[in-house]
Each structure stands twice: as C-alpha cells, then as structure tokens.
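Peer 1: Could you work out the structure for the sequence below:
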Amino acid sequence: MATGVVEVLGVIGTLLGIVQFGMDNFESPETAKSILKVGVGLDYDGGLTNAGGDLPDVRLFNEGGDFLGMTVDPGKVKSGSGGVVEVPHDSDNGQQATYALLSANTDAICVAYVTITWPDGNEYGWVGDWGQQCGATWYYSHLYVSGTQAQPKCMWIDKNGDQPQTGFQLHFPEWVTEQPGVLPEGKDINYFCNAGPPFKIRTDKDPNDITYWVLNKRDEDNNKRSDTAQSYGPTKGPTFPRRHLNARNQTMSMNARFVEQLVMDNSTEHVTAELCESENSAGPDFVNLADGQFCRMSDKTLWPICDNDTTDGCFDLEEQQLVINGVVQRTKKYNKVMTWGR
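Peer 2: Numbers count the residues shown, from 1 in each chain. I've put the predicted structure just below:
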C-alpha cells in the first residue's frame with residue numbers, strides 16, 4: 001500500500017467516502033512486529049484533560065483468525081496526538097495482522113483514527129467517524145488527519161463503565177480502497193456497522209476475542225464471505241468488576257465529567273445541533289460561532305448565542321454563561337475553555 005497515500009473508507013452523511021492518509025500517519029515497518037498509531041481527542045497538549053488517557057491494549061490476529069501477538073498497558077497518550085503501540089508477533093513471525101482488537105484501559109480516550117504498519121510495510125487505517133455512525137458514544141475532534149483537511153469525529157472507549165464501549169475490533173483490509181478513488185461494490189454503511197468482522201463495538205469487560213471471516217466460505221449469490229467464527233487471545237489477568245449502567249445513564253455519567261469545560265469553535269463542519277441532538281454524544285459544553293448556537297451537554301439543550309437582538313434565553317460569549325430569564329446558569333465560570341478554529 002506504500003504509494004504515497006492510503007485511501008481509507010470514511011462516511012459522509014449516509015454515504016461512504018474516502019479519506020486519504022499521508023505517509024506521516026504511519027510508523028516505519030519493523031521485523032516481526034506490527035506498529036499501530038492511535039489518534040486521540042483534540043488538537044493540543046492538555047486541551048481536554050479527559051480526552052488524553054490510557055492507550056488501549058492491542059491483540060492481533062492473522063487472516064485465518066490465528067493469534068499473533070499482544071501488548072497490554074502500552075502507556076499514556078496526550079490529547080491531540082497519536083500514541084504508538086508496538087505489538088511483537090509471537091515466534092518472531094512476520095505474518096500480516098489483518099485483525100486487531102483494541103481494549104480500553106482505566107482512563108477513557110476518544111479515538112479519532114487508527115493506523116497500522118505491518119512487518120512487510122503494508123499500511124492500513126480507520127477513522128473514528130464510524131463510531132458515531134454505528135451507534136457508539138462520540139464527540140467532535142479537532143485532530144486533523146495529517147496532510148488533509150479531514151477532522152474525524154472520535155469514539156469513546158473506557159474500561160470502568162462511564163460509557164458503553166470497552167473496545168472495538170477492526171479487519172483492516174476492508175477499510176481501504178482496492179483501486180484508487182473507487183468505493184467497494186455491494187458494501188454499505190449497514191454492512192460495515194453490522195457484519196461483524198469489519199468493525200465490531202465491544203461492551204463486555206476486557207474483551208479478548210474477535211469475530212473473523214472463515215476462509216473460503218462465501219455467499220454463492222454475491223461472492224461475499226458469509227461464515228464467521230470466534231478466535232481468542234490471552235486474557236490480560238485479574239480485572240475488577242465493571243459497573244453496569246444503562247446507555248442513557250452512561251452518557252450522562254460521561255457528560256458529568258466535563259461540566260467544568262467548554263469548547264469554543266467556528267467550524268462549519270462541526271454542527272452544534274448534530275452534537276446536541278445525538279443521544280450518544282458525550283463531552284464538554286460546545287459553542288460554535290459558525291452556526292451561532294450553544295449546546296449544554298449535561299441536558300442536551302440547544303441555545304442561540306446572544307446578540308443585540310437576543311439577550312435572554314441565550315449563551316453570552318463574553319461572560320461564557322447561559323442566561324435564562326435574566327439569570328446566569330452557572331455559579332462559577334468554566335475552569336477550562338478550549339478555543340478551536342483556523
């Protein structure tokens with residue numbers, strides 16, 4: 001795939017699209033190990049305390065579902081950066097790690113993209129827009145895919161139960177175009193969200209297995225793979241019980257972590273109403289000058305920005321306060337304000 005860019009399947013509205021990943025989004029190949037880069041959250045160090053966190057555990061499998069290797073507790077990652085996870089292959093083999101399982105650790109991260117470099121130099125990627133599209137907890141990110149204008153949404157993963165996702169699996173070959181600029185035939189958003197092997201969101205405690213396509217088993221009508229099976233990697237070790245919350249309470253719990261934080265944006269790509277009206281979005285309060293709206297994420301209510309004509313029932317930009325019936329709604333100002341925009 002080393003052709004200057006790697007074309008990764010994204011989603012635009014309800015249609016498939018293409019995001020071009022430049023070579024600086026990938027690590028250099030190394031013998032008998034695969035190297036992943038995990039893009040997290042926002043665009044500058046410390047920009048969102050709870051968006052930087054623990055890099056995920058990674059388990060890798062080959063095309064036949066055989067376990068290749070695993071790295072656990074790979075360390076911390078700062079928000080707005082790409083953390084690197086190196087996974088040595090067992091028995092020093094250089095097989096292609098076509099399947100990956102990423103399992104969250106204690107501190108939540110919001111994953112904007114994942115890339116992988118195999119020992120043979122092949123490179124693949126995935127973007128976090130698919131989290132929102134497939135029903136996972138999400139937020140906007142201000143993290144660019146290097147060399148493009150693309151800012152993928154990010155998907156939250158967390159071990160302790162503050163939100164549903166504990167991890168996800170990817171079948172990397174299905175996320176790139178076979179021919180430059182050509183979308184795959186016979187595959188749509190429903191396929192990528194629900195088929196199983198391409199992308200599978202996990203909500204169970206410390207997952208260690210993948211769903212993979214059984215080789216040489218294809219649907220006679222459309223020549224697609226049809227049969228799947230499970231393959232297991234090693235467990236990590238003793239784990240603590242995970243708190244059980246329903247999906248709504250999990251999203252509310254996540255939003256409670258950010259009540260003292262505000263994102264100020266001016267991007268036409270980050271529509272305030274889309275974030276505010278989504279049951280699965282979670283993160284700081286959000287105000288966007290481009291569309292003139294503010295979302296209070298704790299209760300998902302949408303308000304206009306105050307101006308000369310609207311002075312009540314609106315968000316005061318200068319004071320950074322929501323004003324209702326002439327009364328400001330916060331007893332104290334935000335302790336962290338992140339300014340996005342070009």
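
Peer 1: so Leu302 touches Cys295, yeah?
Peer 2: Yes. Using C-beta atoms under 8 Å, Leu302 is in contact with Cys295, at 5.6 Å. C-beta coordinates here come from the backbone N, C-alpha and C atoms, glycine included.

Peer 1: Pull up the distance across stretch 162-170, start to finish.
Peer 2: When the termini of stretch 162-170 are compared using C-alpha to C-alpha, to the nearest Å, they are 23 Å apart.

Peer 1: any idea how far that stretch is from the chain center?
Peer 2: Once both centres are worked out by C-alpha atoms, centre = their mean, to the nearest Å, stretch 162-170 turns out to sit 10 Å from its chain's centre.

Peer 1: Please parse the chain into its domains.
Peer 2: Taking automatic domain parsing as the criterion, the chain consists of the domains 5-232, 258-339.

Peer 1: Just give me the lowest mean pLDDT stretch among those domains.
Peer 2: Among the domains of the chain, domain 5-232 carries the lowest mean pLDDT, at a mean of 90.

Peer 1: Just give the number of residues close to Ala256.
Peer 2: Counted with other C-beta atoms under 10 Å, the neighbours of Ala256 add up to 12.

Peer 1: Could you tell me which residues make contact with it?
Peer 2: Ser298 (C-beta atoms under 8 Å, 6 or more residues apart in numbering).

Peer 1: which residues of the stretch 101-250 of the chain fall in helices?
Peer 2: Using DSSP state H, counting those that start in this stretch, the helices assigned to the stretch 101-250 of the chain run over residues 129-133, 189-194, 247-256.

Peer 1: measure the closest residue in space to Gln96 that isn't next to it in sequence to Val19 for me?
Peer 2: Using C-beta to C-beta, 6 or more residues apart in numbering and skipping the chain neighbours, the partner closest in space to Gln96 is Trp118 (5.2 Å). Distance of Trp118 to Val19, given as C-beta to C-beta, to the nearest Å: 20 Å.

Peer 1: hmm, back to that, am I right that the residue nearest to Gln96 is in contact with Ser28?
Peer 2: No. In this structure Trp118 lies outside contact range of Ser28 using C-beta under 8 Å: 11.6 Å.

Peer 1: Would you mind telling me which of the two has more residues around it?
Peer 2: Trp118 (22 against 8).

Peer 1: For that one, give me the backbone phi and psi.
Peer 2: The phi/psi pair for Trp118 (degrees, to the nearest 10) reads phi -80, psi 170.

Peer 1: same question, the one 3 residues further on
Peer 2: Comment: the main-chain dihedrals of Gly121 come out as phi 90, psi -10, following degrees, to the nearest 10.

Peer 1: contacting residues around the spatially closest residue to it that is not a sequence neighbour?
Peer 2: Spatially, and ignoring its direct neighbours in sequence, Gly121 is nearest to Pro29 (4.4 Å; C-beta to C-beta, 6+ apart). Applying C-beta under 8 Å, 6+ apart, one finds that Pro29 lies in contact with Ile35, Thr117, Trp118, Pro119, Asp120, Gly121.

Peer 1: Near Ser141, how many other residues are there?
Peer 2: 29.

Peer 1: Correct me if wrong: it contacts Trp156.
Peer 2: No. The pair Ser141 / Trp156 is not scored as a contact, 11.1 Å apart, by C-beta under 8 Å.

Peer 1: Please enumerate the strands of the stretch 1-150 of the chain.
Peer 2: Ranges of strands in the stretch 1-150 of the chain, per DSSP state E, counting those that start in this stretch, are 5-12, 15-22, 33-40, 53-54, 57-61, 67-71, 76-77, 81-88, 99-103, 109-117, 123-127, 138-139.
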